[in-house]
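Peer 1: A structural model of the following input is requested.
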Amino acid sequence: MSAARHVRIRGLVQAVGFRAWTQSVALHRGIEGWVRNRRDGSVEAVFAGEPDAVATMIAACRQGPPGSDVAAVDEREASQEELNYRRAGERFSIIATV
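Peer 2: Model prediction:
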């Protein structure tokens with residue numbers, strides 16, 4: 001069984017290595033998806049994989065990397081179309097800011 005979740009992380013989450021940290025942790029946990037900055041200062045991601053791995057990834061995002069200060073994490077189910085935003089051939093991508 002696989003889970004796919006879309007998350008939006010708010011707080012001090014840009015200019016602290018959040019995207020690179022997210023990619024590293026996700027790959028280590030066998031999660032597919034992508035992460036990107038948003039112009040409003042938040043970070044957005046899609047995580048897909050085993051439900052427990054996805055849940056622990058989202059929990060990790062609530063803490064974030066050193067230097068971050070996460071104020072909120074909003075989540076919802078992600079679509080296959082959203083998962084396809086990642087770069088072809090990559091398991092987990094850092095994609096362009098929107």
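
Peer 1: Give the next helix or strand downstream of the helix or strand of the chain with the lowest mean pLDDT.
Peer 2: Of all helical and strand segments in the chain, the minimum by mean pLDDT, DSSP states H and E falls on helix 80-83, at a mean of 94. Proceeding C-terminally, helix 80-83 gives way to strand 92-94 as the next helix or strand, assigned by DSSP states H and E.

Peer 1: For that following strand, buried residues please.
Peer 2: Using 16 or more other CB atoms under 10 Å as the test for burial, strand 92-94 gives 92-94. For the C-beta atoms, the positions are set from N, CA and C on the backbone; glycine is no exception.

Peer 1: Also stretch 52-72?
Peer 2: Buried residues in stretch 52-72, counted by 16+ other CB under 10 Å: 53-54, 57-58, 61, 64-65, 68, 70.

Peer 1: end-to-end on that stretch?
Peer 2: 21 Å (CA to CA, to the nearest Å).

Peer 1: where exactly do the helices run in the protein?
Peer 2: Taking DSSP state H as the criterion, the chain contains helices spanning 18-28, 51-63, 80-83.

Peer 1: And those, which one averages the lowest pLDDT?
Peer 2: Mean pLDDT is lowest for helix 80-83 out of the helices of the chain, coming in at a mean of 94.

Peer 1: what's that one packed up against?
Peer 2: Helix 80-83 sits against strand 3-12, strand 32-37, strand 43-49, with contacts defined as 3 or more CB pairs under 8 Å, 6 or more residues apart in numbering; DSSP states H and E.

Peer 1: Gln80 is nearest to which of the ones you listed?
Peer 2: Among those, strand 3-12 comes nearest to Gln80, with 7.5 Å by CB to CB.

Peer 1: so what does the closest one touch, helix or strand wise?
Peer 2: Using 3+ CB pairs under 8 Å, 6+ apart, strand 3-12 is in contact with strand 43-49, helix 51-63, strand 69-77, helix 80-83.

Peer 1: now these as CSV including distance to Ile9?
Peer 2: Shown next, in CSV, are the helices and strands packed on strand 3-12 (distance: least, CB to CB, whole Å):
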stretch, distance to Ile9
strand 43-49, 5
helix 51-63, 5
strand 69-77, 5
helix 80-83, 16
